[in-house]
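Engineer: quick one, fold the following:
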Amino acid sequence: MRKQSFPPVIDERARVLIMGSLPGDASLQIQEYYGNPRNYFWTVVYALFSDGAAPEADYPRRLAFAAQNHLALWDVIAAGEREGSLDANIKAELPNAIPELLAAYPGIRCLAFNGSKAHDTFMKHFRHHPCTEGRAVLKLPSTSPIPTPRMRGAADRIEAWRPIVGYARGEGELRQGD
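Structural biologist: Numbering: from 1, shown residues only. Below is the predicted model of the structure:
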């Protein structure tokens with residue numbers, strides 16, 4: 001089953017581009033980034049940028065909150081074949097035009113990947129592309145509700161995602177290895 005990503009959510013204030021792999025079925029059904037109510041993404045973002053307030057129920061307000069905090073959203077994969085929602089099932093992926101997006105938004109200082117599949121797919125297609133120069137590249141744990149040995153719930157993910165705050169606030173220094 002061929003599935004497609006959404007357009008990027010970005011404006012000139014963006015400093016951190018958060019990239020997932022490809023929207024899951026729940027997100028595709030309602031046409032919202034991280035639309036599965038069990039996914040921790042919005043809980044993590046609100047915990048990091050609003051002193052723990054609960055995420056807005058209204059999707060446009062969630063997007064506005066992300067933009068106000070200098071976050072942009074997109075997926076690494078423009079289209080791919082996948083049965084169900086598991087990243088492991090993605091086949092025949094076609095990457096999004098990420099270098100072109102980054103050229104249009106030079107204020108992005110950090111590429112934050114929501115999970116291994118997003119990171120690994122980006123590296124497969126763009127590892128040596130100049131679009132990564134001068135930008136931090138963060139491989140973060142997936143906000144999927146599926147627990148792992150190290151990521152049991154929202155609290156673990158909130159701590160793991162904390163580095164994006166400095167970059168979003170313009171405080172993140174590019175360090176060796178970023």
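Engineer: mind jotting down where the strands sit in the protein?
Structural biologist: 2-4, 16-20, 71-75, 77-81, 91-95, 110-114, 136-140 (DSSP state E).
Engineer: got any ranges where this protein has weak pLDDT?
Structural biologist: For the chain, the stretches flagged by pLDDT under 70 are 86-89, 147-149, 151-152, 172-178.
Engineer: before we move on, back to that, now the strands of the chain as CSV including mean neighbour count and distance to residue 35?
Structural biologist: Any C-beta I mention is one placed from the backbone N, CA and C, and that applies to glycine too. Shown next, in CSV, are the strands of the chain (neighbours: other Cβ atoms under 10 Å; distance: least, Cβ to Cβ, whole Å):
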stretch, mean neighbour count, distance to residue 35
strand 2-4, 13, 13
strand 16-20, 26, 12
strand 71-75, 24, 12
strand 77-81, 19, 17
strand 91-95, 14, 20
strand 110-114, 25, 14
strand 136-140, 19, 19
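Engineer: would you mind giving those strands as a markdown table with distance to residue 29 added?
Structural biologist: Below are the strands of the chain laid out as a markdown table (distance: least, Cβ to Cβ, whole Å):
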| stretch | distance to residue 29 |
| --- | --- |
| strand 2-4 | 11 |
| strand 16-20 | 16 |
| strand 71-75 | 16 |
| strand 77-81 | 17 |
| strand 91-95 | 20 |
| strand 110-114 | 19 |
| strand 136-140 | 25 |
